[in-house]
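Undergrad: Got a predicted structure plus its sequence, pasted below:
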Amino acid sequence: MNSIFRKLPALFKIPLIIFSAAFSFTSCDYLLYDHIPDNSPKVDAVKTVNLTYDSSSPFFELDNQTKTVNISGLPTGAEVFLVRTNPTNAAIDGWYVQSVKSAGGMNLNTSQNNRSAAAPDMENMDDDGLITTDEKWPCFLPPTILPPVKSGRSALGPDASFTAEVPGESCTPANYQIGDEKYIYIDCNTQVSEFALAKAYLKAKGTYCNVWIVDGYQEDSDDYYYYYYNYSNGKYTPTSSQDYYIHSNARVKDEFVTKIKDSFDAMYPLVTELFGKPSNKIYDLDNDAFVNMNCYDDTWNSVVSATEDTIDPVNIVIYDIGDDSKSNGILGYFYSKDYYTNMIHTSRSVKDDTPYSNEGKYFYIDSAFADSNPDEVILTLAHEFQHMIDFGVKTVEQNLESSTAHNEMKSMMCEDLMAEILNISKANTPVNRLPHFCGSYLYNGPQEYDYEVTILSYATAYAFGAFLLRNYGGADLMKAIASNDSVDMTSVLSAVNTVNGTAYKMEDLLADYTKACIYSSTPEGVTSSLCPAGFPSFKNSSSIPCTSNSSYSFIASPVNIFNLNEEMETSSPNGSYAPQSIWDMFVRYYMQYEGGPMLYTSDSHYHLRPYGMMLNYVGNTKSSNITLNFSQNQASNNQKCYIYIKQN
């Protein structure tokens, strides 16, 4: 089962509010309520390690048995950081994560300052301080459907044959023209858990898409109500005399429909170059096999191009998702139910089929956002298109299924690469998620998806994807991740090593990642590149042509995560990043200073999420020799522990 939906990033146009220094937290132990399951091997921390500082390589990896560290040859006033990463897919209990208990030869940081803080008490923080939408959207729970590939049956490979025609079905397209009507299943509640047939009209027809608007949502419509329909004996009839009110702010202007069509046509060749083409196969429940989608979908194009096998358009359906008339919920979604046959075309009971399938290539866009957030809507086309393609490339063809976070990361990477091409300002791209990453990376690993606090999950997933694009190959890396024979971190590592000819392990990748989160520029004296793009940084650029097709140039522009204030102000219509929630304000408070990912106090330690990290600002040196004494007598041997030195 695969269901994908996208939430609006928290970039709201309200007055800027900055908390004073009184907004503080005093102990990370708030976050260490109980032990969590942790099967990682433990080791006794008993060793004393002696190290010598070298400005050309100011990074030290520590053995997990280390209890005391002596470092000599340091410049006075240098900043010292303790970094821990978790290169595994299982969380590490915070009680086995090292922190600094005491130190000699330095000013120890035990209280909040600038980027440095103890962790907030998230458990006692009100939900409104964590979820940055007025509506607390629940998990998107689709109706139960069969998995795309049943156990015991192999996936259909790209060279395998599949049924060209289903008995009793027509493979002739309807050849829809502008103004033609079609009945399409849409969601009809805010949980996106109920569906009904609605009448829609074809408003725009592009090379690669059909743009449909549900009846009543057109700008020139005289209707203030719409109806749901039943289908029986070849006829569509309203379900009852009951009708549904259409809010004026949910109507769509004709020029925006044209923009949707033109934007999708512009991005289609680019997105498919990187990710592949959407599958043209649908899962036939009666025959337990993939068949030609054109035998069910009547929107396909019978014209064969000289340069394309076929041009089968994607159907973009515009209406008020969730029937809420609000521009603060779901921007759009792809739902794999449309890649299964409908109950109308199967002899199975309703329980075992997908009664709300539109049997074709569909994704859905919220009309209430069209006027208030047009740039986000345009990027949502790229975001949802990646989900559609990924379902075909990974699930249909290879019997694989990405984790939700990994799939969302790829869609935001797709947005990242399309934004400059589509002339979208940074304030309306996934870059606006980075403030949440800076303040919340501790709570989600980059491949975790927390349905309770999705805004944080999107932020950490995007940050990791943005880092990958800018340091390991840009478009070529993206194409390798999208097309290889694995998913999640296995796919990422495989792609990094294939594109760059490297032999990275997960700990190597995370070590680079943490350096990009600590250093705002290449440390003085460091000459080695460390990673393919140079010193690890979000400010690296991947503005290079795709190797497989040099006619396409994809750009992931530099991002300064140490001055997101400026990034947002230079591109936001209101001239500022406007926090909405308590959590936003907490993040913004630290962004007043140097900015960048949160640095915790020297004695803070917390659970390390899968593939997660924790960054501590230990303090600054007051002599050339320092001693660090770690707090834990036992440590997880799965964690990786580093000391980074930064000269001022």
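TA: Yes, it's here.

Undergrad: Pull stretch 95-113 out as PDB, backbone CA atoms only.
TA: Output of stretch 95-113 as PDB, limited to C-alpha atoms (Å, rounded to 0.1, in the frame of the first residue of the first chain):
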ATOM      1  CA  TRP A  95      21.500   6.900  28.500                       C
ATOM      2  CA  TYR A  96      24.200   5.300  26.400                       C
ATOM      3  CA  VAL A  97      25.100   8.500  24.500                       C
ATOM      4  CA  GLN A  98      28.200  10.300  25.800                       C
ATOM      5  CA  SER A  99      28.200  13.900  27.000                       C
ATOM      6  CA  VAL A 100      30.800  16.000  28.800                       C
ATOM      7  CA  LYS A 101      30.500  15.900  32.600                       C
ATOM      8  CA  SER A 102      33.500  18.100  33.400                       C
ATOM      9  CA  ALA A 103      36.500  19.700  31.600                       C
ATOM     10  CA  GLY A 104      39.800  21.400  32.300                       C
ATOM     11  CA  GLY A 105      41.500  24.200  30.300                       C
ATOM     12  CA  MET A 106      38.300  25.600  28.900                       C
ATOM     13  CA  ASN A 107      35.200  27.500  29.500                       C
ATOM     14  CA  LEU A 108      32.500  24.800  29.700                       C
ATOM     15  CA  ASN A 109      29.200  25.600  28.100                       C
ATOM     16  CA  THR A 110      26.500  24.400  30.600                       C
ATOM     17  CA  SER A 111      23.800  27.000  29.700                       C
ATOM     18  CA  GLN A 112      22.100  28.300  26.700                       C
ATOM     19  CA  ASN A 113      23.800  30.900  24.500                       C
END
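
Undergrad: So which bits of it are buried?
TA: Of all the residues in stretch 95-113, those buried under the rule 16 or more other CB atoms under 10 Å are 95-100, 103, 105-106, 108-110, 112. (C-beta placed from N, C-alpha, C; glycine too.)

Undergrad: swap in stretch 479-496?
TA: 479-484, 486-489, 491-496.

Undergrad: chain center to it, what's the gap?
TA: Put simply, stretch 479-496 sits 16 Å off its chain's centre (CA atoms, centre = their mean, to the nearest Å).

Undergrad: And the contacts of it?
TA: The contact list for stretch 479-496 (CB atoms under 8 Å, 6 or more residues apart in numbering) reads 89, 273-276, 386, 389-390, 393-394, 398, 400-403, 406, 410, 447, 468, 472-473, 477, 498-499, 502, 504-506, 509, 546, 548, 611.

Undergrad: Could you dump the buried residues of stretch 95-113 into JSON lines and include secondary structure?
TA: JSON lines is the format used below for the buried residues of stretch 95-113 (DSSP: H, G, I helix; E, B strand; the rest coil):
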{"residue": "95", "secondary structure": "helix"}
{"residue": "96", "secondary structure": "helix"}
{"residue": "97", "secondary structure": "coil"}
{"residue": "98", "secondary structure": "coil"}
{"residue": "99", "secondary structure": "coil"}
{"residue": "100", "secondary structure": "strand"}
{"residue": "103", "secondary structure": "strand"}
{"residue": "105", "secondary structure": "coil"}
{"residue": "106", "secondary structure": "strand"}
{"residue": "108", "secondary structure": "strand"}
{"residue": "109", "secondary structure": "coil"}
{"residue": "110", "secondary structure": "coil"}
{"residue": "112", "secondary structure": "coil"}
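
Undergrad: wait, which of the residues you listed is closest to residue 257?
TA: For the buried residues of stretch 95-113, the minimum distance to residue 257 (CB to CB) is 50.1 Å, reached by residue 112.

Undergrad: Using just helix, strand and coil, how would you label residue 300?
TA: Applying three-state DSSP: residue 300 is coil.
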